[in-house]
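[1] what's the 3D shape of this:
(chains A and B)
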Amino acid sequence: MLLNDEMICMDLDAKSKEDAIRQLAMIAADAGKLVSIEEYIESVLARERTYTTGVGNGIAIPHGKSKAVRETFIVFGKSGKGVEWEALDGKPVHLIFLLGVPEAADNEHLRILSQISRKLMNENFVEHLKKSKSKEEVLQAFKDFNGS
Amino acid sequence: MKIVAVTSCPTGIAHTYMAAEALEKAAKKMGHTIKVETQGSIGIENKISQKETSEADVVIFAADVAVKDEDRFSGKPILKVEVQKAIKNAAEVIKEAEAMVEK
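    Numbering: from 1, shown residues only, chains lettered A, B, ... in the order given. Okay, here's the model as predicted:
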């Protein structure tokens, strides 16, 4: 599975969008997913500048496709007090999904990411994640809503 | 009403699929049939056929980059919106599509 407990941060405390992206990218770097953290962060921020990935409902899905990524990954971060993200609905985000994709990503991984993106449109799934207090509950939510 | 839609975004990793899901949900809820083709990083998925195009009442492009093979849909009413609008308010997009058909 693409998401595991190593790639989850339940108590993200970030001052800004950039700070949140950096902290979550650090987790990916520690797991060996990045060739260059700075280059990866720059690709994510460049993407954010096109338009926000704060899609509303307290969710942000920052992502970067870059040769600075060694292996496709997802890092999930949860912030209790929320992070300002210039979201579509103007509200702070509490659930952050940081995605990284290498230039030559295989379709199987891309498909998993596309399924996760679709899941974020599922109110029940999002509610589960908002209520979850442990990494186990987060992973369980991902399992329960598999393919839905 | 029969709708066909295409979603697409610059990186093709997240928004393409979120918009597709949002449009499918909203259209079904409002009693329409819909088929959404995604043009993302995986390539074209759920491709809309010639037959589906000819039977469609309206076409929706929720795309921030050029839709591939756009001329497939020539002659049909086409509603073009930004991909983020479909994510934020898919019901509104479907309503606009309804209005185009009623005209």
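
[2] max-length helix in chain B?
    Secondary structure of chain B per DSSP state H: the longest helix is helix B:15-29.

[3] Now tell me what touches that helix from outside.
    Applying Cβ atoms under 8 Å, 6 or more residues apart in numbering or on different chains, the contact partners of helix B:15-29 are A:53, A:55, A:61, A:114-115, A:117-118, A:120-122, B:3, B:5, B:7-9, B:33-34, B:36, B:38-41, B:46, B:60, B:62, B:64, B:83-84, B:86-87, B:90-91, B:93-94. The C-beta positions use only the backbone N, C-alpha and C, and glycine is treated the same way.

[4] And the spatially most central residue of chain A, its phi and psi?
    For chain A, A:F97 is the residue whose C-alpha lies nearest the centre (Cα atoms, centre = their mean; 1.3 Å). Main-chain dihedrals, A:F97, degrees, to the nearest 10: phi -110, psi 110.

[5] doesn't A:G58 make contact with it?
    No. Under the criterion of Cβ atoms under 8 Å, A:F97 makes no contact with A:G58, lying 11.7 Å away.

[6] So the residue of chain A most remote from its centre versus A:V55, what's the distance?
    Taking Cα atoms, centre = their mean as the measure, the residue most remote from the mean C-alpha position of chain A is A:A104, 19.8 Å away. To A:V55, A:A104 is 27 Å away according to Cβ to Cβ, to the nearest Å.

[7] Name the nearest residue to residue 68, ignoring sequence neighbours.
    Using chain A. A:E39 (3.6 Å; Cβ to Cβ, 6 or more residues apart in numbering or on different chains).

[8] not quite, I wanted chain B
    For B:K68, the closest residue by Cβ to Cβ, 6+ apart turns out to be B:Q39, at 5.6 Å.

[9] Show me where the chain has its helices.
    Using chain A. A:17-30, A:37-50, A:107-119, A:123-131, A:135-144.

[10] wrong chain, I was asking about chain B
    With DSSP H as the criterion, chain B has helices spanning B:15-29, B:50-55, B:83-88, B:90-102.

[11] Can you tell me which of these is most buried?
    helix B:15-29 (a mean of 24; mean count of other Cβ atoms under 10 Å in any protein chain shown).

[12] quick one: that one to helix B:90-102, angle?
    Following axes from the mean of the first three to the mean of the last three Cα atoms, to 10 degrees, one obtains 60 degrees for the angle between helix B:15-29 and helix B:90-102.

[13] Over helix B:15-29, what's the mean pLDDT, rounded is fine.
    Per-residue pLDDT over helix B:15-29 has a mean of 97.

[14] first vs last residue of stretch A:52-69, how far apart are they?
    Stretch A:52-69 has an end-to-end distance of 21 Å (criterion: Cα to Cα, to the nearest Å).
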